[in-house]
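**Q** quick one, fold the following:
(chains A and B)
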2 protein chains.
Amino acid sequence: MSTSLQILFFVAMVILCAKLFGAIAARLGLPLVLGELLAGVFLGPTVLNIGSFSYFAAVPDANAVPVAAVFKVMAAIGVVVLMFVTGLETDIAMMRRTVAPAFWAASGGVVLPMLGGCLLAHYAGFGWPQAIFIGTILTATSVTVTAQTLVNLGQLRSKPGSTILGAAVIDDVLGLVVLSLVIALSVHTSHSGGNGWTGIAITLARMAICLVLLFWAGPPVTRWVFRQASRLHGPHSELAAALTIGLLLAFLAEWLGGMAAITGAYLAGLFVAATPAHGKVTDDLRAMTNSFFGPLFFVSIGLEVNARQLAGRTGLFVLLVAVAVLGKILGSGLGARLTGFSNRDSLIVGVGMIPRGEVGLITASLGFAAGLVSPTVYVQVVILVLATTLVTPPLLKMAFPRGVPETSKTGLGEFPSLDELSGAVADVADA
Amino acid sequence: MSTSLQILFFVAMVILCAKLFGAIAARLGLPLVLGELLAGVFLGPTVLNIGSFSYFAAVPDANAVPVAAVFKVMAAIGVVVLMFVTGLETDIAMMRRTVAPAFWAASGGVVLPMLGGCLLAHYAGFGWPQAIFIGTILTATSVTVTAQTLVNLGQLRSKPGSTILGAAVIDDVLGLVVLSLVIALSVHTSHSGGNGWTGIAITLARMAICLVLLFWAGPPVTRWVFRQASRLHGPHSELAAALTIGLLLAFLAEWLGGMAAITGAYLAGLFVAATPAHGKVTDDLRAMTNSFFGPLFFVSIGLEVNARQLAGRTGLFVLLVAVAVLGKILGSGLGARLTGFSNRDSLIVGVGMIPRGEVGLITASLGFAAGLVSPTVYVQVVILVLATTLVTPPLLKMAFPRGVPETSKTGLGEFPSLDELSGAVADVADA
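**A** The predicted model follows:
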């Protein structure tokens, strides 16, 4: 037995359960993604806990790696590919028209959860540094689940859909600014003192350099790569080029810019969407994400949490979830409403921004390492991330008018011209 | 920095280099697969050694896993998916007609390298137990590279192509019989004594039970799963079902039967090929293997070896490679020739059986652990596996008549009926 053999069985179980639970959810009129997420909860420590089965828990030999750790890394590739496809399927002309609402939705969705989480935590007995950190954890949105739900509803390219995706990119930038400020402040107020502001400056400079580089060099380099790839001998060269660009920009966003890898992957998808190869590439990648990378990522979320650990500590947790959910609905919703969205579209934007993801988990683990987040709060934050992810698909489906059918295909309309893309890129860069 | 971040860059580099080297090879008139294999040699310890770059060599923290180990596991999934697609693309009617030549080609290709390797090693100064073990290492064929070359040449469904694939399955069974006999003998002759023959009996029984189970239950279960999958809500359910079956049968072949995982994956592909969904599933999986799983696996082979370690020890190595190559060309070729193949088709079958793979490496590591294979010989065996894999694509291309064009598509003709499949399955089970 080797890790390679374990993972064959593990991945087969993951795909099988994800598809079964997804199909059951769809038959009950619930979103597919909710089913795949619940498959993870079922396989994870909350119910079955397959990671602890002696077959999977065994580490074959000294040089081998645990199957759970390998799966986690594969799921991280999965979320990058998922967000890359989301970028590919974005309606860039629509996104260009929704830059202003996206900006205000992102801002409102950062301020309100921050304030609400901070006040709630302070009221619950935490000191201000801890309370501010808990507020910070509640700010960062991760829209992979929202995007997949929008795809299933055929609404990814709608006005609120485009606003949510634009707001997610801006939210990532704002969330990082807030996080670096909070860390700098907590360093400033703690004994070591001093270089907290230098830290902020470096963080912001890295992010700015990375964003400028991506928006300036990304589109022309992508076009050049695809021109070369279309001339290469060998099958599926353009698909391979697309994957390479998606993985590389995800890497650069996090490594160079300190942002979330999924933000880089999403931007890469936008750039590739403007190349002539996008149609075939999108179809092939959808097959890969629906059958392999999607199940891996959505199940991995459920595998990470153990809802049993909540027992007897539900009070603060329920209030935290309420702040996390209402903070985004009201904050992002108001931001959209103030820029002229209808009440329903504002609600959709607010609901779409609810899910927290890996950025919230990273923030929490930074605070955990710095002693600002206790183990009890850390467990609650991890389950909060799952809870916000679980409530979003059904809430989002309810927020849309009745009669929007659950469909397996995106309504791919006209694709934008390169000029439109450049315009959108310029607008985002200006914002 | 985390392993997840490292792997994004690592996989991007692997896909990029594989496609570039593949395209260069194709432009020079060489097989695509040779280019992808050489990309691994280029990235591996022989030239660049990217695994030792400080960025990839660093293990982020105590809970993290090394990126190279994760990549190895992903490549193992890759080879399973590759062999599954090979099964899907097999012409089952043709395979049914080539069961007898496949059996004799497999047998000849086991006997000759075994004898040749054993005599060469004994002549070079090894004792009989060691010499027999070295001979055993040379028996096991791994036809993934051959299959990919046949796909690129549009010859996978030809008479010699089908013979090679059938012979590979039979070779895996024969190789395992020889290996268990040799291990039992070495246990028998060593101090512990006694239960060697029990070990043989158990090994053979496991394999027989697994094969009977696969051939008896595989086709009807696969049909049933696809009937259910086609009714499931949700996109790409049949593709997900295919991947699940491929991974599960690969797992069962190794876990239950003690055979190579790729043998199970190949059989799963044969079963799925007889379902109505095979066309769409094959197209989608080809996109996945050409852009992702193929580069991962072919590059991983080159990453494993360090040709520099050969320096000053080339004498025995060159002779071993010669025995490995000629043993299969003559042994498998004669087997095919004796069952009525033309000289050219016999040559193609012999050349196609040359590549050794993970079974040879596993055998070598078993012998290494048992003290029957010295570290020097072990390094040579690993490089021998790479060498046999590298020489096969160009030799195979040369063996075909001129005018066979390198193409990106398989010549998918008529697909076999279910009756034809059952017949083929019965024939293979009888053989």
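
**Q** A:Gly109 is in contact with A:Ala168, isn't it?
**A** No: A:Gly109 is beyond contact range of A:Ala168, at 9.6 Å (criterion: Cβ atoms under 8 Å). C-betas here are computed from N, CA, C, even on glycine.

**Q** the more surrounded of those two?
**A** Using other Cβ atoms under 10 Å in any protein chain shown, the more surrounded residue of A:Gly109 and A:Ala168 is A:Gly109, with 35 against 30.

**Q** roughly how far apart are the more buried one and chain B?
**A** When distance is defined by Cβ to the nearest Cβ, to the nearest Å, A:Gly109 is 26 Å away from chain B.

**Q** show the pLDDT at the most centrally placed residue in chain A.
**A** With the centre of chain A defined as its mean C-alpha position, the nearest residue by Cα atoms, centre = their mean is A:Ser142, 2.8 Å away. Looking at A:Ser142, its pLDDT stands at 80.

**Q** and it, helix, strand or coil?
**A** What DSSP: H, G, I helix; E, B strand; the rest coil gives for A:Ser142 is coil.

**Q** how near is it to A:Gly357?
**A** Distance check for A:Ser142 against A:Gly357: by Cβ to Cβ, to the nearest Å, it reads 2 Å.

**Q** picking that back up, which neighbours do A:Gly109 and A:Ala168 have in common?
**A** Counting by Cβ atoms under 8 Å, 6 or more residues apart in numbering or on different chains, the residues touching both A:Gly109 and A:Ala168 are A:Thr141, A:Met353.

**Q** for the residue of the stretch 51-200 of chain A found nearest chain B, what are its contacts?
**A** In the stretch 51-200 of chain A, the residue that lies nearest chain B is A:Ala76 (3.4 Å; Cβ to the nearest Cβ). Taking Cβ under 8 Å, 6+ apart, we find A:Ala76 in contact with A:Ala261, B:Ser2, B:Ser4, B:Ile7, B:Leu8.

**Q** any idea which helix or strand carries the residue nearest to the third one when sequence neighbours are not counted?
**A** Right, the one you point to is B:Ser4. In this structure, B:Ser4 finds its nearest non-sequential neighbour in A:Ala76, 3.4 Å apart by Cβ to Cβ, 6 or more residues apart in numbering or on different chains. Following DSSP states H and E, one finds A:Ala76 within helix A:67-88.

**Q** could you dump that helix to PDB, C-alpha only?
**A** The C-alpha trace of helix A:67-88 is given here as PDB (Å, rounded to 0.1, in the frame of the first residue of the first chain):
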ATOM      1  CA  VAL A  67      -3.200  11.100   2.000                       C
ATOM      2  CA  ALA A  68      -5.200  13.900   3.600                       C
ATOM      3  CA  ALA A  69      -2.400  16.300   3.200                       C
ATOM      4  CA  VAL A  70      -2.000  15.400  -0.500                       C
ATOM      5  CA  PHE A  71      -5.800  15.800  -1.000                       C
ATOM      6  CA  LYS A  72      -5.700  19.200   0.600                       C
ATOM      7  CA  VAL A  73      -3.100  20.400  -1.900                       C
ATOM      8  CA  MET A  74      -5.000  18.900  -4.800                       C
ATOM      9  CA  ALA A  75      -8.100  20.700  -3.600                       C
ATOM     10  CA  ALA A  76      -6.100  24.000  -3.600                       C
ATOM     11  CA  ILE A  77      -5.300  23.400  -7.300                       C
ATOM     12  CA  GLY A  78      -9.000  22.700  -7.700                       C
ATOM     13  CA  VAL A  79     -10.200  26.000  -6.400                       C
ATOM     14  CA  VAL A  80      -7.700  27.800  -8.600                       C
ATOM     15  CA  VAL A  81      -9.000  26.000 -11.700                       C
ATOM     16  CA  LEU A  82     -12.600  26.700 -10.600                       C
ATOM     17  CA  MET A  83     -12.000  30.500 -10.300                       C
ATOM     18  CA  PHE A  84     -10.100  30.500 -13.500                       C
ATOM     19  CA  VAL A  85     -13.100  29.100 -15.300                       C
ATOM     20  CA  THR A  86     -15.300  31.600 -13.500                       C
ATOM     21  CA  GLY A  87     -13.200  34.400 -15.000                       C
ATOM     22  CA  LEU A  88     -13.500  32.700 -18.400                       C
END
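
**Q** just want the angle from it to helix B:67-88.
**A** Put simply, helix A:67-88 runs at 70 degrees to helix B:67-88, going by axes from the mean of the first three to the mean of the last three Cα atoms, to 10 degrees.

**Q** gap between helix A:67-88 and the chain center?
**A** 11 Å (Cα atoms, centre = their mean, to the nearest Å).

**Q** now do stretch A:343-363
**A** On Cα atoms, centre = their mean, the centre of stretch A:343-363 falls 9 Å from that of its chain.
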